[in-house]
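Colleague: Show me the folded form of this:
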Amino acid sequence: MTVNKPLADEKAVPRKRRTAWPAACTVTVALATALSACGGAAPAKTTEDGFAQAAQTDGAVTVWVDATRTAAAKQYQQLHPEVKLDIVSYDGDANGSNYLQTKVQLFNRTGKGWPDVVFSSQNNEVTWAVDAGFAAPLDKGLIAADTLGRFAKGANDVCTVNGTVYCLRNDLSQVVLWYDAPLMKQFGYTVPKTWEEYQALGQKVAAEHPGYLVGDAGDTFTPEIYLWASKCGANHITGPKAVSADTGGPECTKMAQLMDTLIKNKSMSISGVFSTDFAKNEKDKVLLMPGPAWYGGAVFHDTLKTPEKTIGAAPIPQWQGDSAPATGNVGGGTWLLSQHSTHLKAATDFLKWVTTDNAYQGEKAPGFPAYAPAAENWLKAQAASGYFDGDLGALKDASSQVWPGWGSAQFSQEAIWAATVKPGLTQGQTLVSLLPAWQDSIVKHAESFGYKVSQ
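Modeller: Sure, this is the predicted structure:
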């Protein structure tokens with residue numbers, strides 16, 4: 001049975017963002033030769049496809065992948081025996097390990113060692129990889145506009161710097177409302193369409209079926225589920241080094257008030273869906289659960305062992321009167337092509353195949369593909385698995401509704417939440433009371449990474 005599973009980095013552990021790479025040996029796209037201090041003279045380069053390209057040679061294409069994407073690289077090799085791949089396994093930058101950036105810094109100094117193509121479990125790699133001269137521009141000739149145009153709306157926003165696309169999104173982690181269909185029917189409840197209905201149902205559940213849950217606020221990615229979907233302006237990336245942070249706006253406070261109400265009556269847990277406590281005490285009590293696309297496999301199928309034909313997916317609720325549907329996003333992954341590649345044709349072919357081809361994305365990928373045509377096939381595969389109750393059409397709709405007012409920066413909102421908000425919630429403080437401290441922490445973290453912050 002094929003069921004959506006999480007990416008290797010997907011949120012079981014808080015992720016830390018990498019620090020900026022020192023500028024002393026920065027290699028930029030415009031340079032035709034490397035600074036001698038960064039590894040000596042480089043071979044002559046030809047400017048094409050928007051960047052200075054290394055001399056092209058024969059040989060193996062070096063592909064760095066995490067454990068989950070190793071199967072994709074091996075599948076490509078089987079289908080393309082004429083292309084030799086050197087498949088290197090690494091952590092995929094899971095949990096913000098900084099491995100890729102650290103290695104690129106070393107390769108830039110020594111003038112050798114860069115992989116041709118690399119997968120990252122992070123959505124913020126271009127915040128350093130462009131300035132470091134590593135990520136190649138893809139929309140200047142390497143990847144056709146028609147192909148780029150078939151990715152889900154906004155999918156490659158995290159890959160775009162000053163209007164240029166520097167990576168391709170592997171999968172989406174759009175938030176939907178997961179629900180236990182048999183329990184909802186047994187209790188006589190209707191899946192809520194608005195946040196107001198959602199809160200009312202949570203209050204009803206607390207009174208009529210104490211112990212059952214309509215959500216969880218115990219994970220470090222909680223703000224990406226609830227506050228992002230509420231259009232809370234806590235993390236609006238307005239430029240390469242600029243962010244707007246306002247946790248006191250109505251979109252933040254009314255969601256915080258909703259969550260406080262449900263946490264207080266215990267219809268919203270603060271344990272965390274991957275915690276031992278949750279799996280032991282609450283796995284059979286989940287009535288509703290806002291969460292990303294990968295919850296279907298990672299949480300319900302793999303962690304909670306929820307029986308088949310139980311879990312369904314519905315659109316995330318919207319605030320009453322809001323005419324522009326919005327949702328959040330938790331995770332996903334990206335593929336980058338190196339400017340230093342000496343096998344650009346083969347490397348680009350692999351990059352396009354691994355992000356768009358049905359052989360992998362449409363049939364075998366563990367997450368919801370960012371490439372829309374492959375996503376259609378992926379949804380059919382999930383339906384054929386027989387695990388879910390009903391179709392997963394809500395995932396398709398949500399894929400183009402991720403609110404663009406929440407971005408991917410070098411600093412980690414999850415780390416900030418883990419250090420500032422989660423301890424307070426555990427100690428019984430209200431989320432509303434913690435909003436000012438959350439904003440103060442965002443500002444300090446952003447400024448430490450060189451961001452100009454407006455409030």
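
Colleague: Tell me how many other residues surround Pro240.
Modeller: 14 (other Cβ atoms under 10 Å). Any C-beta I mention is one placed from the backbone N, CA and C, and that applies to glycine too.

Colleague: same thing with Thr160?
Modeller: 15.

Colleague: Now the residue nearest the centre of the chain: closest residue in space, sequence neighbours ignored.
Modeller: Geometric centre of the chain, nearest residue: Gly331, 2.1 Å, by Cα atoms, centre = their mean. Residue nearest to Gly331 in three dimensions, not counting chain neighbours: Ser173, with 4.0 Å by Cβ to Cβ, 6 or more residues apart in numbering.

Colleague: And the one you found, how close does it get to Trp228?
Modeller: To Trp228, Ser173 is 11 Å away according to Cβ to Cβ, to the nearest Å.

Colleague: do the same with Pro404
Modeller: For Pro404 relative to Trp228 (Cβ to Cβ), the value is 10 Å.

Colleague: Among those two, which residue is more densely surrounded?
Modeller: Ranked by neighbour count (other Cβ under 10 Å), Pro404 and Trp228 place Trp228 first, with 25 against 11.

Colleague: next SSE after the host helix or strand of that one?
Modeller: Element membership of Trp228, judged by DSSP states H and E, is helix 222-229. Next along the chain after helix 222-229, taking DSSP H and E as the criterion, comes strand 236-239.

Colleague: ok, that next one: who's next to it in the sheet?
Modeller: Within its sheet, strand 236-239 is paired with strand 242-244 (antiparallel), according to DSSP bridges.

Colleague: Helix or strand next in line after the strand it pairs with, which one?
Modeller: Once the chain leaves strand 242-244, the following helix or strand, as judged by DSSP H and E, is helix 250-264.

Colleague: partners of whichever helix or strand comes after that following helix in the sheet?
Modeller: The first helix or strand that comes after helix 250-264 along the chain, using DSSP H and E, is strand 268-269. Using DSSP bridges, the strands paired with strand 268-269 are strand 215-216 (parallel).

Colleague: Contacts for the helix holding Trp228, please.
Modeller: Contact with helix 222-229 is made by 175, 215-217, 232, 234-235, 252, 255-256, 259, 290-292, 316, 326-330, 403, 406, 413-414, 417, 421-422, as judged by Cβ atoms under 8 Å, 6 or more residues apart in numbering.

Colleague: just stretch 142-160 next, same as before
Modeller: Contacts of stretch 142-160 (Cβ under 8 Å, 6+ apart): 49, 123-124, 126, 136, 138-139, 165-169, 172, 332, 334, 337, 344, 348, 351-352, 356, 370-373, 375, 399-400, 402, 404, 407-408.

Colleague: mind redoing it with 6 Å?
Modeller: 49, 123, 126, 139, 165-167, 169, 348, 370-373, 399-400, 402, 404, 408 (Cβ atoms under 6 Å, 6 or more residues apart in numbering).

Colleague: pretty sure the residue nearest to Gly331 contacts Gly332?
Modeller: Yes: between Ser173 and Gly332 a contact is recorded at 4.6 Å, counting by Cβ atoms under 6 Å.

Colleague: Can you tell me how far Asp49 is from Trp335?
Modeller: In terms of Cβ to Cβ, Asp49 sits 17 Å off from Trp335.

Colleague: Looking at the two, which one has more neighbours?
Modeller: Trp335 (25 against 18).

Colleague: Tell me if that one really is in a strand.
Modeller: Yes: counting by DSSP: H, G, I helix; E, B strand; the rest coil, Trp335 is part of a strand.

Colleague: burial count for the closest residue to it other than its chain neighbours?
Modeller: Once flanking residues are discounted, Trp335 sits nearest to Leu168: 5.0 Å by Cβ to Cβ, 6+ apart. With neighbours defined by other Cβ under 10 Å, the count for Leu168 comes to 25.

Colleague: same deal with Lys285?
Modeller: The burial count for Lys285: 17, using other Cβ under 10 Å.

Colleague: Filter the contacts of stretch 142-160 down to the buried ones, ChimeraX style.
Modeller: In ChimeraX syntax, the buried subset of these is picked out as below (16 or more other Cβ atoms under 10 Å):
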select :49,123,126,139,165,166,167,169,348,370,371,372,373,399,402,408
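
Colleague: Return the subset of the contacts of stretch 142-160 lying in helices.
Modeller: Residues from the contacts of stretch 142-160 lying in helices, with DSSP state H as the criterion: Val126, Thr348, Ala372, Pro373.

Colleague: Is it correct that the first one is in contact with Thr164?
Modeller: No: with contact defined as Cβ under 6 Å, Val126 does not reach Thr164; the gap is 9.5 Å.

Colleague: Tell me what angle the top helix by length along the chain forms with helix 222-229.
Modeller: The longest helix of the chain (DSSP H) is helix 431-448. Helix 431-448 runs at 100 degrees relative to helix 222-229, counting by axes from the mean of the first three to the mean of the last three Cα atoms, to 10 degrees.
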